[in-house]
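*Asks:* sequence and computational prediction follow.
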Amino acid sequence: MNALKRLGSVEWPPSRREVLGWLRTHAVLVLALALLLPAAHAAVVPLSLGLGPGTVTQPADETTYVSVQGFKKGGEGNEKKPTRLVATTGDATVEWRFEGQNLESFWFYDVDPLPNGNLLVSTTKPDRTMVMEFDPEAVEPVWTHHLPINDTHDVARLPDGRLAVANMREYEDGVSNDRIFVYNRSAERVDWEWRFRDHYPNDTDGGFKKDWTHVNDVDPIGEEGRYILTSPRNFDQVVVVDRTSGDIVLRLGEDDDHEALNEQHNPDYLEREDGTPVFLVADSENDRVVEYERDCGDADPRLGAGTPPSECEWDRVWTVTGFNWPRDADRLPNGNTLVTDTLNHRVVEITPEGEVVWEFQAPWGPYDAERGAVESAGPAMADRDAGGTVAVHGGADQGPQSRYTVADAIERLGAGTPVEGATGEISRRYAHVEPWIRPVWMSSWAALSAVLGLLLAVGWGLRRVVANRRRLYRTVRH
């Protein structure tokens, strides 16, 4: 009579040998169940992070608008990771919110304040992009317009009312047609377009593919919006295109030069008081915000002076580390910077020294934040006699940024060793991927524990099936 039969009979307690035999057989299952316990606890006592204030030591003097991307897969929304627009008060409390499900939107991306006080919002639906003017007083769209293009992250208004559009994922017959273009909404026509394949080597970033450039930003700059600032993310570059000549007149970064930029989002164009061009960039895959100044030696660096990109360099004058996949950074008139810290699910205002003075918790996956004027409207760091490299610090203790995660442990494991570079890269990748697949109510450690527990349980089950295959076969036969 084996141990299991003894356990179910009146012969109790079983012998020491029988108990050890049962444990040897079921040790993996016991370990799997133990690993699943943190996930079970999280299901009963879930992590929670709602919209609302974090640290606020300097209340904002204007409304802050935040677009929250949310998460959808296969066209199905995740109730725990909703897409929405949110307006916050000066003390970072919610003034109003508008849910993406009201428009059946997949994602909310760029949001721009308009001169009339309304907002221009980019959102997506299956196989098309929707642009809308949104009235923040009525909390409803004024108008909506659909474009037959996919996953557009940014649409901006030109001074004459036409729309500049960043058009990614245009791929047909093995050729990329990614472009930026100017759209006349009244006439429903494209008035101007600029295709990346006509201005870049076609083997850039490994050659044409469905998402070749991932161009994620388009900002009209200069007089009457003559120039377009754009961001081909997959090329690790920020460029300014002259709509009159079609030339690239400013260029920061180059493909795979990740010391300069690594798959950035939402760059802003600023100028020093002497007219020197400045780029403020959310350097997403490097988990930092950076500011660069153009240096052309004895030549004139100013936009419109005609000095070609090949004769100039860019000096990084300000770096703030410690974010998790930031996707927007705007300079405020007071000299602070508003940063969308996407995978820490928050928007923060930081000083030049990196101190958080205003914080809004914005789950799930905020994309853009605007306060006051469109994009950046504040001074360059050089004009404030500031700069250098600092780490973001401060902020509420209850936010994701304050939790010790699996990615943190991976990075710490390799710190100061010959594999520091490799573990740092693994840590960064893990930190950027895991939040998209982990339930929001579960911690990073509980999620890893649950995955390991499930794998062990499945492996144990398969092993038992194989070990008892003959008995199972006889049972099925009879």
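*Replies:* Received, thanks. Numbers count the residues shown, from 1 in each chain.
*Asks:* quick check: domain ranges of this protein?
*Replies:* Split into domains by automatic domain parsing, the chain comes to 53-402, 404-460.
*Asks:* of these, which is nearest residue 38?
*Replies:* Across these, residue 38 has its closest neighbour in domain 404-460 (4.0 Å, C-beta to C-beta). No exception for glycine: its C-beta is placed from N, CA and C like everyone else's.
*Asks:* so how far is residue 274 from residue 357?
*Replies:* Counting by C-beta to C-beta, to the nearest Å, the gap from residue 357 to residue 274 is 29 Å.
*Asks:* again but with residue 185, I slipped
*Replies:* Taking C-beta to C-beta, one finds residue 185 at 38 Å from residue 274.
*Asks:* more neighbours: those two, which one.
*Replies:* The residue with more neighbours, out of residue 185 and residue 274, is residue 185; 13 against 10, by other C-beta atoms under 10 Å.
*Asks:* touching, the more buried one and residue 164? I think so.
*Replies:* No: at 11.8 Å, residue 185 does not count as touching residue 164 under the criterion of C-beta atoms under 8 Å.
*Asks:* shared neighbours, those two?
*Replies:* Counting by C-beta atoms under 8 Å, 6 or more residues apart in numbering, no residue touches both residue 185 and residue 164.
*Asks:* now the helices for the chain?
*Replies:* Assigned by DSSP state H, the helices in the chain fall at 3-7, 16-44, 406-414, 420-437, 444-467, 469-477.
*Asks:* what's the closest of the ones you listed to residue 309?
*Replies:* Each of these has some distance to residue 309 by C-beta to C-beta; the shortest is helix 420-437, at 29.1 Å.
*Asks:* pLDDT weak spots in the protein?
*Replies:* Applying pLDDT under 70 to the chain picks out residues 1-12, 18-19, 21-24, 42-49, 72-80, 375, 397-403, 440-441, 472-473, 476-478.
*Asks:* excluding chain neighbours, what is closest to residue 100?
*Replies:* On the basis of C-beta to C-beta, 6 or more residues apart in numbering, the spatially nearest residue to residue 100 that is not a chain neighbour turns out to be residue 83, at 3.4 Å.
*Asks:* burial of that neighbour, as a residue count?
*Replies:* A count of nearby residues for residue 83, using other C-beta under 10 Å, gives 27.
*Asks:* isn't it right up against residue 97?
*Replies:* No: here residue 83 lies out of contact with residue 97, judged by C-beta under 8 Å, at a distance of 10.9 Å.
*Asks:* any idea how many residues pack against residue 293?
*Replies:* By other C-beta under 10 Å, the residues close to residue 293 number 22.
*Asks:* contacting residues around the residue nearest to residue 100?
*Replies:* So residue 83 contacts 68-72, 77, 99-101, 105-108, 123 (C-beta under 8 Å, 6+ apart).
*Asks:* run through who's touching stretch 238-249.
*Replies:* By C-beta under 8 Å, 6+ apart, the list of residues contacting stretch 238-249 reads 180, 182, 192, 194, 199, 221, 225-232, 250-253, 261, 264, 267, 269, 279, 281, 303-304, 308-309.
*Asks:* next one: stretch 198-214
*Replies:* 168-169, 171, 174-176, 178, 196-197, 232-235, 246, 248, 255-256, 263.
*Asks:* one more time with 6 Å, if that's ok
*Replies:* Defining contact as C-beta atoms under 6 Å, 6 or more residues apart in numbering, one finds that stretch 198-214 is touched by 168, 169, 171, 175, 176, 178, 196, 232, 233, 234, 235, 255.
*Asks:* what residues of that stretch count as buried?
*Replies:* Buried residues in stretch 198-214, counted by 16 or more other C-beta atoms under 10 Å: 200, 204, 205, 208, 211, 212, 213, 214.
*Asks:* which single one of these is nearest to residue 462?
*Replies:* Distance to residue 462 across those (C-beta to C-beta) is lowest for residue 211, with 37.3 Å.
*Asks:* quickly note the distance from that closest one to residue 230.
*Replies:* Distance from residue 211 to residue 230, counting by C-beta to C-beta: 16 Å.
*Asks:* residue 259 too?
*Replies:* With distances taken as C-beta to C-beta, residue 259 is found 22 Å from residue 230.
*Asks:* out of the two, which sits in the busier spot?
*Replies:* Regarding residue 259 and residue 230, a neighbour count based on other C-beta under 10 Å identifies residue 230 as having more, with 25 against 9.
*Asks:* so the more buried one sits against residue 218, correct?
*Replies:* Yes: with contacts counted by C-beta atoms under 6 Å, residue 230 reaches residue 218, the gap being 5.2 Å.
*Asks:* dig out what residue 155 forms beta bridges with.
*Replies:* Beta-bridge partners recorded for residue 155 (DSSP bridges): residue 165.
*Asks:* residue contacts, it?
*Replies:* Residue 155 makes contact with 122, 131, 163, 165, according to C-beta under 6 Å, 6+ apart.
*Asks:* so which of the residues you listed is the closest to residue 469?
*Replies:* Comparing the contacts of residue 155 against residue 469 with C-beta to C-beta places residue 122 closest, at 56.9 Å.
*Asks:* report how many residues lie close to that closest one.
*Replies:* Residue 122 has 28 nearby residues by other C-beta under 10 Å.
*Asks:* check the one 5 residues further on too.
*Replies:* Residues lying near residue 127 (other C-beta under 10 Å) number 9.
*Asks:* could you find the closest non-adjacent residue to it?
*Replies:* Sequence neighbours aside, residue 150 is the residue nearest to residue 127 in space, at 6.3 Å (criterion: C-beta to C-beta, 6+ apart).
*Asks:* for residue 177, see how far away the one you found is.
*Replies:* For residue 150 relative to residue 177 (C-beta to C-beta), the value is 12 Å.
*Asks:* and what of residue 307?
*Replies:* Separation of residue 307 from residue 177 (C-beta to C-beta): 31 Å.
*Asks:* over to residue 253?
*Replies:* To residue 177, residue 253 is 23 Å away according to C-beta to C-beta.
*Asks:* the two - which one has more neighbours?
*Replies:* In this view residue 253 and residue 177 are compared by other C-beta under 10 Å, and residue 253 has more residues nearby, 25 against 16.
*Asks:* there's contact between the more buried one and residue 263 in this structure, I believe.
*Replies:* No: between residue 253 and residue 263 there is no contact under C-beta under 6 Å: 10.4 Å.
*Asks:* residues shared between the contacts of these two?
*Replies:* Common neighbours of residue 253 and residue 263 are not found (criterion: C-beta under 6 Å, 6+ apart).
*Asks:* now stretch 290-297 - C-alpha only, PDB.
*Replies:* Extracted in PDB, the C-alpha atoms of stretch 290-297 (Å, rounded to 0.1, in the frame of the first residue of the first chain):
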ATOM      1  CA  VAL A 290      18.500  65.600 -21.900                       C
ATOM      2  CA  GLU A 291      19.100  69.100 -23.300                       C
ATOM      3  CA  TYR A 292      21.500  69.700 -26.200                       C
ATOM      4  CA  GLU A 293      22.900  73.000 -27.600                       C
ATOM      5  CA  ARG A 294      24.100  73.400 -31.200                       C
ATOM      6  CA  ASP A 295      27.800  74.200 -31.600                       C
ATOM      7  CA  CYS A 296      29.000  75.200 -35.100                       C
ATOM      8  CA  GLY A 297      32.400  76.600 -34.100                       C
END
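*Asks:* and it, what's buried?
*Replies:* For stretch 290-297, the buried set under the neighbour-count rule, 16+ other C-beta under 10 Å, comprises 290, 291, 292, 293, 294, 296.
*Asks:* among the residues you listed, which lie within strands?
*Replies:* Among those, the ones falling in strands (DSSP state E) are 290, 291, 292, 293, 294.
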